[in-house]
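K.L.:
Fold the stuff below for me.
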Amino acid sequence: MTGPGTEEDRDTPAQAAHGYAHVVSDVMTRSVATVRLRATFKDVVRTLQDRRVSALPVLDGSGCVVGVVSEADLLPKEEFHDLDPDRRTQLRRMADLAKAGSDTAQDLMTAPALTIPPGATLAQAARLMARARVKRLPVVDDTGRLLGIVSRADLLKVFLRDDQDIAEQVRREVVAYLFPGPASDIRVDVHDGVVHLGGRMRDRSLVPVAARLARAVEGVVDVRFELDRSGHRRR
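P.N.:
Reported below is the predicted structural model:
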């Protein structure tokens, strides 16, 4: 099983300390359609149709995720149904031809499964999906047992967050952190997820820091600066 863990995937100390990143367990779907290793081809198709999903985690006898079977894994059965492939096709499509001749989830699935832990951030999940070009990730505990599944659509839910909630978090965890004091000169307005930071910023070196921390707040679409001192607008 594979999950995030490279250096670039880890949160910065500021992110970790101020809790900007929501985690996978906050948005994942907990009721997941699955199949067992010995599930037949028809059982897999039936479950996909009944649950209206395009892929299913495959579990072993202990409930651990050992693979994922998707519509793409099943299509070779139909593709090569009445086709006698030539030698070149046989060599180029060996894996697909093997699946075309398979009739259980164990032989049809893609393995090992690409999974993610529940405590991974949404950014980590998004990067892993993008790199692997997958639409969803099974969420597993330390033993590999299935806890849920997270999809691309789940990750996008954060952008439905209320503008006022975003503004309050930016004031509390970005502005108060970088510009402490009872009366900050920094204004925060949020419109359609875009954070506007205005007012007077005495230390302009903090602009990129403020931008990075504000963008780390879940639901933020962009960050724009409208600072009074120089009259320049900066992104």
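
K.L.:
residue ranges for the helices of this structure, please.
P.N.:
In the chain, the helices defined using DSSP state H lie at 13-18, 24-27, 41-51, 71-79, 87-92, 94-100, 105-108, 122-132, 152-156, 163-170, 176-178, 207-215.

K.L.:
who wins for proximity to residue 192 among those?
P.N.:
Nearest to residue 192 among the helices of the chain is helix 163-170; the distance by CB to CB comes to 7.1 Å. From N, CA and C alone the C-beta is placed, and that goes for glycine too.

K.L.:
Report the angle between that closest one and helix 207-215.
P.N.:
130 degrees (axes from the mean of the first three to the mean of the last three CA atoms, to 10 degrees).

K.L.:
so what secondary structure elements neighbour helix 163-170?
P.N.:
strand 186-191, strand 194-199 (3 or more CB pairs under 8 Å, 6 or more residues apart in numbering; DSSP states H and E).

K.L.:
Quick one, which of those gets closest to residue 152.
P.N.:
Short answer: strand 194-199, nearest of the helices and strands packed on helix 163-170 by CB to CB, at 22.0 Å.

K.L.:
Name the strands paired with that closest one and say parallel or antiparallel.
P.N.:
strand 186-191 (antiparallel), strand 222-227 (parallel) (DSSP bridges).

K.L.:
For that strand, the averaged confidence score.
P.N.:
Mean per-residue pLDDT for strand 194-199: 93.

K.L.:
buried set for that strand?
P.N.:
195, 196, 197, 198, 199 (16 or more other CB atoms under 10 Å).

K.L.:
how close does the closest residue to residue 50 other than its chain neighbours sit to residue 62?
P.N.:
When the adjacent residues along the chain are set aside, residue 50 lies closest to residue 33, with 7.9 Å between them (CB to CB, 6 or more residues apart in numbering). For residue 33, the distance to residue 62 equals 19 Å [CB to CB, to the nearest Å].

K.L.:
These two: which has the busier surroundings?
P.N.:
residue 33 (15 against 9; other CB atoms under 10 Å).

K.L.:
for the more buried one, what are its contacts?
P.N.:
47, 48, 50, 51, 53, 56 (CB atoms under 8 Å, 6 or more residues apart in numbering).

K.L.:
what about 6 Å?
P.N.:
47, 51, 53, 56 (CB atoms under 6 Å, 6 or more residues apart in numbering).

K.L.:
just residue 40 next, same as before
P.N.:
Contacts of residue 40 (CB under 6 Å, 6+ apart): none.

K.L.:
how close does it get to residue 119?
P.N.:
Taking CB to CB, one finds residue 40 at 36 Å from residue 119.

K.L.:
least reliable of the helices of the chain going by mean pLDDT?
P.N.:
Among those, helix 13-18 scores lowest, at a mean of 39.

K.L.:
related to what we said a few turns ago, quick one: the residue nearest to residue 50 from residue 71, how far?
P.N.:
13 Å.

K.L.:
Then residue 162?
P.N.:
For residue 162, the distance to residue 71 - CB to CB - is 36 Å.

K.L.:
that older thread, want to try a markdown table for the helices and strands packed on helix 163-170, with distance to residue 214 as columns?
P.N.:
Shown next, in a markdown table, are those (distance: least, CB to CB, whole Å):
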| stretch | distance to residue 214 |
| --- | --- |
| strand 186-191 | 9 |
| strand 194-199 | 5 |
